[in-house]
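1. Prediction below, plus the sequence it came from.
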Amino acid sequence: QPRHQALILGPPGRGVYTHDDAAGVLKVDEGKDAEVHLYQPRAAVQYRIYGHKGNTGHKTFLAPNPGEGALLTYRLKTKPGDKDDVKIVVKNAAGETVRELKGPKNLGLNRATWDLRHEPPVKPEPGGGGGGGGCGPPRGPLVPPGDYAVTVSVGSHSASRTVTVQEDPRLQVSAGDRQAWYE
């Protein structure tokens, strides 16, 4: 499905399978000569999801949801060395770094997810949990909607794109209220 950059499979009598954001599969020739190529990410929506696991009753959940946040698909032409990391840096419109992540470093296509948050206020312990709520230190605050520059780099090679962060369309919040909440 080129319009949504999704790979959809529907074998007869077996249901429908969807691979969201299949830019790396659909545009495999794009940037094929670059050492690092970052595909254009789709706009990311900050959905506010209510965790209602305690009252689902007999309902069965059969598949995981896609990653929450911005899906970043990139291709590495050569596998990085053991000491080389894939560094993902997210910057706001003012050029300030809001988040740094480490991405997978496999030869070929890779995917990382930015959870649309700033750096956490407390760094997690190595090997510990994360996410707050009794499962480790709290996560960083959500970033305001807008455009963010994402750069994927390995050694001296890098690729950059812009990702747009959008507010949950179900929320009706004024710009002033949103700014006060963010501050």
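-> Perfect, thanks for sending it.
2. which other helices and strands contact the longest strand that the chain contains?
-> If you go by DSSP state E, the chain has its longest strand at strand 157-167. Using 3 or more C-beta pairs under 8 Å, 6 or more residues apart in numbering; DSSP states H and E, the elements in contact with strand 157-167 are strand 36-38, strand 44-46, strand 70-76, strand 146-154. Using the backbone N, CA and C atoms, a C-beta is placed for each residue, glycine as well.
3. buried set for the longest one?
-> If you call a residue buried by 16 or more other C-beta atoms under 10 Å, then strand 146-154 has these buried ones: 148-154.
4. Next, the angle from it to strand 157-167.
-> Strand 146-154 and strand 157-167 meet at an angle of 150 degrees, taking axes from the mean of the first three to the mean of the last three C-alpha atoms, to 10 degrees as the criterion.
5. ditto for the third one
-> Inter-element angle recorded for strand 70-76 and strand 157-167: 170 degrees (by the same axes, to 10 degrees).
6. Return the distance of the longest strand of the chain from the chain's centre.
-> 10 Å (C-alpha atoms, centre = their mean, to the nearest Å).
7. Need the residues that contact that strand.
-> Residues outside strand 157-167 that contact it (C-beta atoms under 8 Å, 6 or more residues apart in numbering): 31, 34-41, 43-46, 70, 72, 74, 90, 114, 116, 143-153, 173, 178.
8. And these, which of them are buried?
-> Using 16+ other C-beta under 10 Å, the buried ones in the contacts of strand 157-167 are 31, 35-39, 41, 44-46, 70, 72, 74, 90, 114, 116, 143-145, 148-153.
9. Sketch out the helices for the chain, chain order is fine.
-> Counting by DSSP state H, one finds helices in the chain at the ranges 23-26, 175-182.
10. rank those helices by pLDDT, which is bottom?
-> Lowest mean pLDDT within the helices of the chain: helix 23-26, a mean of 60.
11. Tell me, what's the model's pLDDT at the nearest residue to residue 169 once chain neighbours are set aside?
-> The spatially closest residue to residue 169, leaving aside those adjacent along the chain, is residue 45, at 7.1 Å (C-beta to C-beta, 6 or more residues apart in numbering). What the model reports for residue 45 is a pLDDT of 87.
12. for the one 10 residues further on, same thing?
-> The model reports residue 55 with a pLDDT of 57.
13. Pull the contacting residues for residue 141.
-> Here residue 141 is in contact with 117-118, 182 (C-beta under 8 Å, 6+ apart).
14. Name only those of these that count as buried.
-> Buried by 16+ other C-beta under 10 Å: 117-118, out of the contacts of residue 141.
15. Adding distance to residue 98, write the contacts of residue 141 out as a markdown table.
-> As requested, the contacts of residue 141 are arranged in a markdown table below (distance: C-beta to C-beta, whole Å):
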| residue | distance to residue 98 |
| --- | --- |
| 117 | 8 |
| 118 | 5 |
| 182 | 12 |
